[in-house]
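**Q** Attaching a predicted model along with its sequence, questions to come.
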Amino acid sequence: MASLITCPHCGRRPKEEFSIRGDAVPERPEAAASEEAWHAYVYLRENPRGAIREYWHHVAGCRRWLVVERDNLTHEVFAVTDAREAATGDAA
Amino acid sequence: MRYSALSILGQALSGNRGWKPVWREPQPKPHYDVIIVGGGGHGLSTAYYLAKEFGIKNIAVLEKGYIGSGNVGRNTTIVRSNYLLEGNIPFYEFSLKLWEGLEADLNYNAMVSQRGVMMLAHSDGQRDAFARRGNAMRMHGVDAELLDREDLQKMMPYLNYDHARFPIKAGLLQKRGGTARHDAVAWGYARGADSHGVDIIQHCEVTAIRRDEKGGVTGVETSKGFIGCNKLALATAGHSSETARMADLRLPIETHVLQAFVSEGIKPVIDNVIVYGGGHFYISQSDKGGLVFGADIDYYSSYAQRGNLAIVESTMEEGVSLIPGLSRLRVLRSWGGVMDMSMDGSPIIDRTPIENLYLNAGWCYGGFKATPASGFCFAHLIAKNEPHHVARALRLDRFERGYAVDEAGKGPQPNIH
């Protein structure tokens, strides 16, 4: 794993400052969505070998949620984006 | 060749020139009744029990690397059945019973050593939780003893009993737990399966799963060509999502790397398995004298069989806070294995929505101890198309039905199970 993550707000920081939530690909369904949709969101994962997107929280820094795009085999980090920007396209 | 004291003596007198390879290296046949993908502990034990207990003869095990190259050779070799939940205890106890008879059954020295597994409690609440767990075990006929601090001090004088944050209050001992020689388990099952006619095909990677127009599985494309089968069984923990994807299945699993370590060899000091309740540290001493230990997974998804230094540091810190003398030892080697971390921390042995496709996955940290029961129950499922009674709770659809088997009570968060 790359030891440094480039936070869009704080710059290059050691990865121990971050806490990892997990897969950023599943999208939260509407509250009234079907049980199948909720089951898929909560439990099922693509879990690919290679390029992935994860939610990371910069707990010991700016405390912003980030989306880290990286390779889980080579540990190369491709991009780090603020989660709000990743979701809406607006800069945080 | 059947191993015995006489055969060893005979070989010794003839210069050990008569030992033969213990399994064949066959070319794949065009079709098998059952193909098992994955020649690790679970795949091999499945093949062994399918052939021996359930009378299926035409079986192949396909392994993309060599036998024992995956997690069966990358663990900390602990066997135990000190679980809490109804869905887990009978399964792991069945496994421990199979461990107890394994060497006689396989005619192979797997070095099963029932040296005892001690889990330490560091607060009153944790001691109460262990009392509850011990009671749950005893209600299922499993041995468990709750020991107090004085008992522990006599057994293990080298522990740090008065740590400011994690003083040692009590311990839950399972005397029948212990360790086994992990490679020998893989080799013993491979030899046993081979002797019952199972084709173990190494360096044969499955690249696709072929299905008929109704969706049922008919065979696999491999690096050695197409091989047909009546039933296909996946036992590829660590890479289960990747293999299941070939059949368009999504699993409740994330892949994470777990590291393990071994120190330089020293004289006997730790004669049991110790599990630290203040963290996630566990340690035992191998017969060669090295201390074998590990702790948490690396928290982020990883398919790389190597880990990060932050976990190395935290593992060492946990170890030294429990056993201060560890700080004087040098670590010889460390390694990583990739785990199927399931959404409730428990495994899956089940049919899938796809006809003729069976799944054995989601072993989290706990695959090694389950090797015999996993193989037996998976073989039962494949042969009879219904689950073995001790593995009924380990279903693939338990999440959508609301019957997760969440031993640690952590919810659907695979990186903290």
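**A** That came through fine.
**Q** The closest residue to chain B within chain A is in what secondary structure piece?
**A** Here the residue of chain A nearest chain B is A:Asn47; by Cβ to the nearest Cβ that distance is 3.6 Å. In this view, the C-beta of every residue, glycine as well, is placed from N, C-alpha and C. Remark: A:Asn47 resides in no helix or strand, with elements defined by DSSP states H and E.
**Q** Tell me how far it lies from B:Met343.
**A** 11 Å (Cβ to Cβ, to the nearest Å).
**Q** Would you list the phi and psi of B:Ile36?
**A** phi -110, psi 120 (degrees, to the nearest 10).
**Q** contact partners of the lengthiest helix in chain A?
**A** Ranked by residue count under DSSP state H, the longest helix found in chain A is helix A:35-43. Contact with helix A:35-43 is made by A:26-29, B:250, B:252, B:343, B:399-400, B:412, as judged by Cβ atoms under 8 Å, 6 or more residues apart in numbering or on different chains.
**Q** can you check stretch B:348-358 too?
**A** Here stretch B:348-358 makes contact (Cβ under 8 Å, 6+ apart) with B:209, B:211, B:214-218, B:229-234, B:244, B:247, B:249, B:251-252, B:342, B:359-362, B:374, B:377-378, B:381-382, B:385, B:387, B:391, B:394-397.
**Q** And the residues you listed, which of them are buried?
**A** B:209, B:211, B:217-218, B:229-234, B:244, B:247, B:249, B:251-252, B:342, B:359-362, B:374, B:377-378, B:381-382, B:387, B:391, B:394-396 (16 or more other Cβ atoms under 10 Å in any protein chain shown).
**Q** Can I take it that B:Val390 is in a helix?
**A** Yes: counting by DSSP: H, G, I helix; E, B strand; the rest coil, B:Val390 falls inside a helix.
**Q** OK, contacts around it?
**A** Here B:Val390 is in contact with B:90-91, B:93-94, B:373, B:377 (Cβ under 8 Å, 6+ apart).
**Q** which two from these end up farthest apart in space?
**A** Maximum pairwise distance in the contacts of B:Val390, criterion Cβ to Cβ, is 12.6 Å, between B:Glu93 and B:Cys377.
**Q** Point out the residues in chain A that sit beside chain B.
**A** Proximity of chain A to chain B, by Cβ under 8 Å from any Cβ of the partner chain, involves residues A:1, A:3, A:15-16, A:20, A:22-23, A:35-36, A:39-40, A:42-50, A:52, A:54, A:72-75.
**Q** And stretch B:327-347, end to end?
**A** Stretch B:327-347 has its terminal residues 35 Å apart, counting by Cα to Cα, to the nearest Å.
**Q** One more: stretch A:55-70?
**A** 11 Å.
**Q** do the same with stretch B:322-332
**A** End-to-end distance for stretch B:322-332: 20 Å, by Cα to Cα.
**Q** Pull out the buried positions in that stretch.
**A** Using 16+ other Cβ under 10 Å as the test for burial, stretch B:322-332 gives B:322-323, B:326, B:329, B:331.
**Q** just stretch B:246-262 next, same as before
**A** B:246-247, B:249, B:251-262.
**Q** Same question for stretch B:45-54.
**A** B:45-52.
**Q** can you list contacts of it?
**A** So stretch B:45-54 is contacted by B:34, B:36, B:56-57, B:59, B:61, B:106, B:189, B:192-193, B:196-198, B:200, B:233, B:235, B:360, B:371-372, B:374-376, B:378-380, B:382-384 (Cβ under 8 Å, 6+ apart).
**Q** residues in contact with B:Tyr300?
**A** Contacts of B:Tyr300 (Cβ under 8 Å, 6+ apart): A:1, A:20, A:54, A:72, B:256, B:415.
**Q** Tell me, how many residues neighbour the residue lying closest to the fifth one once chain neighbours are set aside?
**A** Spelled out, that is B:His256. Using Cβ to Cβ, 6 or more residues apart in numbering or on different chains and skipping residues adjacent in sequence, the residue nearest B:His256 is B:Ile297, 4.4 Å away. Using other Cβ atoms under 10 Å in any protein chain shown, B:Ile297 has 26 other residues around it.
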